[in-house]
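S.K.: Turn this into a model:
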Amino acid sequence: MNLTVEDVMTREVVSVGAATPFKEIAEALAGRGIGAVPVLDDDRHVIGVVSESDLLCKEEFREQFPGEHYRPPLLSRVRHRPGSRKATAVAAADLMTSPPVTITAERSAVTAARLMNARDVRRIPVVDHNGRLVGILSRGDLVRMFLRGDEEIAAVVRDDVLHRALWMDTGSVRVSVRQGVVTLSGRMDRRSEAAHAVRRTRGVNGVVGVVDELCWRLDDVPA
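M.R.: Here you go, the predicted structure:
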């Protein structure tokens with residue numbers, strides 16, 4: 001029912017090695033229009049990530065005039081500690097953030113979105129169970145889940161939510177979808193079952209909202 005990281009990740013990944021020079025990394029990011037690259041060892045294990053913000057440390061920490069003694073904001077000091085190392089870096093080994101935030105392909109897209117938010121990252125390398133790179137997941141990949149068509153969403157709600165997940169007699173339930181908003185209408189046996197159907201429908205990837213127009217025969221929800 002729910003999409004996994006493997007369903008939405010990008011499989012063709014631009015990566016660099018620990019010895020890759022600063023300028024080559026900058027050219028890769030600018031030339032491919034991407035915001036970060038994973039750093040791999042000789043066996044394709046992900047050992048770090050270099051992002052645009054890592055490269056920009058060289059500009060941020062550059063003195064505009066002799067003796068300026070620039071002190072960056074606290075957030076910058078926390079993210080790029082120690083800032084001087086990245087400011088003077090000439091290769092990926094000193095630029096990269098390590099250990100990297102990674103995820104495996106079978107994890108849910110919801111888990112990936114929560115991880116990105118918790119760790120404040122825009123891209124996460126996807127690895128196998130040995131830590132080797134198999135893809136990369138960006139916020140843009142997750143946003144594209146909302147491009148899921150209305151007909152596909154309706155089919156998932158009917159087949160996976162109502163039929164398979166709930167094991168209920170839902171023949172009298174109607175499902176319609178417009179612009180990602182699902183409307184559930186009709187009648188179910190119990191009020192608790194109707195509420196459960198609404199909750200499960202909200203959990204379907206690509207659903208923007210749920211309009212609950214369900215009725216029920218028996219009100220089994222305590223006051």
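
S.K.: all helices in the protein, in order from the N-terminus.
M.R.: Ranges of helices in the chain, per DSSP state H, are 5-8, 22-32, 52-60, 74-79, 83-87, 92-95, 109-119, 139-143, 150-156, 191-202.

S.K.: weakest of these by average pLDDT?
M.R.: Set side by side, the helices of the chain differ in mean pLDDT, and helix 74-79 is lowest with a mean of 57.

S.K.: still on that earlier bit, go through the helices of the chain and name the closest to Ala165.
M.R.: Ala165 sits nearest to helix 191-202 of all the helices of the chain, at 5.8 Å, using C-beta to C-beta. In this view, the C-beta of every residue, glycine as well, is placed from N, C-alpha and C.

S.K.: Take the helices of the chain and lay them out in JSON lines including distance to Asp219 and mean neighbour count.
M.R.: What follows is the helices of the chain, written out as JSON lines (distance: least, C-beta to C-beta, whole Å; neighbours: other C-beta atoms under 10 Å):
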{"stretch": "helix 5-8", "distance to Asp219": "39", "mean neighbour count": "18"}
{"stretch": "helix 22-32", "distance to Asp219": "57", "mean neighbour count": "14"}
{"stretch": "helix 52-60", "distance to Asp219": "54", "mean neighbour count": "17"}
{"stretch": "helix 74-79", "distance to Asp219": "51", "mean neighbour count": "12"}
{"stretch": "helix 83-87", "distance to Asp219": "61", "mean neighbour count": "17"}
{"stretch": "helix 92-95", "distance to Asp219": "61", "mean neighbour count": "21"}
{"stretch": "helix 109-119", "distance to Asp219": "31", "mean neighbour count": "15"}
{"stretch": "helix 139-143", "distance to Asp219": "38", "mean neighbour count": "15"}
{"stretch": "helix 150-156", "distance to Asp219": "28", "mean neighbour count": "16"}
{"stretch": "helix 191-202", "distance to Asp219": "5", "mean neighbour count": "18"}
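
S.K.: now those in a markdown table, with distance to Val221?
M.R.: Compiled in a markdown table, those are given as follows (distance: least, C-beta to C-beta, whole Å):
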| stretch | distance to Val221 |
| --- | --- |
| helix 5-8 | 35 |
| helix 22-32 | 53 |
| helix 52-60 | 49 |
| helix 74-79 | 46 |
| helix 83-87 | 56 |
| helix 92-95 | 56 |
| helix 109-119 | 26 |
| helix 139-143 | 34 |
| helix 150-156 | 26 |
| helix 191-202 | 5 |
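
S.K.: For His129, which of the ones you listed is the nearest?
M.R.: Here helix 5-8 is closest among the helices of the chain (C-beta to C-beta), at 13.2 Å.

S.K.: helices or strands next to that closest one in the packing?
M.R.: Under the contact definition 3 or more C-beta pairs under 8 Å, 6 or more residues apart in numbering; DSSP states H and E, helix 5-8 sits against helix 109-119, strand 133-138.
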